[in-house]
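Visitor: okay, structure incoming, though there's no sequence with it:
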């Protein structure tokens, strides 16, 4: 018997879960000092990677949650997305080129050191992961290509719901990978 194919919405949920597992695999055993350690003044700590994801979630989750509640359009995948959505998806994948983070989403903006509380930061992160997974599960059966979501930082830009779910998951994995690099740095305090 062949197992049923995983839906795109489930794949997006699994990406968020995977990013959460990577972050916890790194952060759970770290002291506050190690959680906030930077390899250089302009590099991010593990804490700043997670805080950045929390800031992104605060901006992106409300419109995504609204979209799945209001989304009446039903559809069956596989879904494909337009040029702009594909470019954005490619731009946030792990291993992609470094991107400039806007000040509103930069946890290191104007600071010379990282000083975030680990427990509180991870509580907010876990809540964001839970909410992303819930949005993905609620999106099951919706037309992920036809339902449009307004991009929070460019009000005129609207992207398909499915593209947004893919972007947020890949973005979370990108910063989980960045956090792995911090912990793997030769000078990382053990």
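Guide: Thanks, I have the structure now. Bear in mind that the values here come from a model prediction, so they are computed numbers and not experimental data.

Visitor: only C-alpha atoms from now on, for both contacts and neighbour counts.
Guide: Fine.

Visitor: so residue 27 sits right up against residue 45, yeah?
Guide: No - using C-alpha atoms under 8 Å, residue 27 is not in contact with residue 45, being 10.9 Å away.

Visitor: overlap of the contact sets of these two?
Guide: residue 35 (C-alpha atoms under 8 Å, 6 or more residues apart in numbering).

Visitor: who has more neighbours, those two?
Guide: residue 45 (29 against 22; other C-alpha atoms under 10 Å).

Visitor: where's the closest residue to the more buried one other than its chain neighbours, which helix or strand?
Guide: With sequence-adjacent residues excluded and distances taken as C-alpha to C-alpha, 6 or more residues apart in numbering, residue 45 is closest to residue 38, at 4.7 Å. Secondary structure from DSSP states H and E places residue 38 outside every helix and strand.

Visitor: and for residue 38, the neighbour number?
Guide: That count, for residue 38 with other C-alpha under 10 Å as the rule, works out to 23.

Visitor: pLDDT score assigned to it?
Guide: Here, the pLDDT recorded for residue 38 equals 92.

Visitor: next up, phi/psi of it, please.
Guide: Dihedral pair for residue 38: phi -110, psi 140, per degrees, to the nearest 10.

Visitor: so which helix or strand takes in the residue nearest in space to the middle of the chain?
Guide: In the chain, the residue lying closest to the centroid (C-alpha atoms, centre = their mean) is residue 172, at 3.0 Å. Taking DSSP H and E as the definition, residue 172 sits inside helix 161-183.

Visitor: tell me which other helices or strands that helix touches.
Guide: helix 8-27, helix 46-70, helix 83-92, strand 148-150 (3 or more C-alpha pairs under 8 Å, 6 or more residues apart in numbering; DSSP states H and E).
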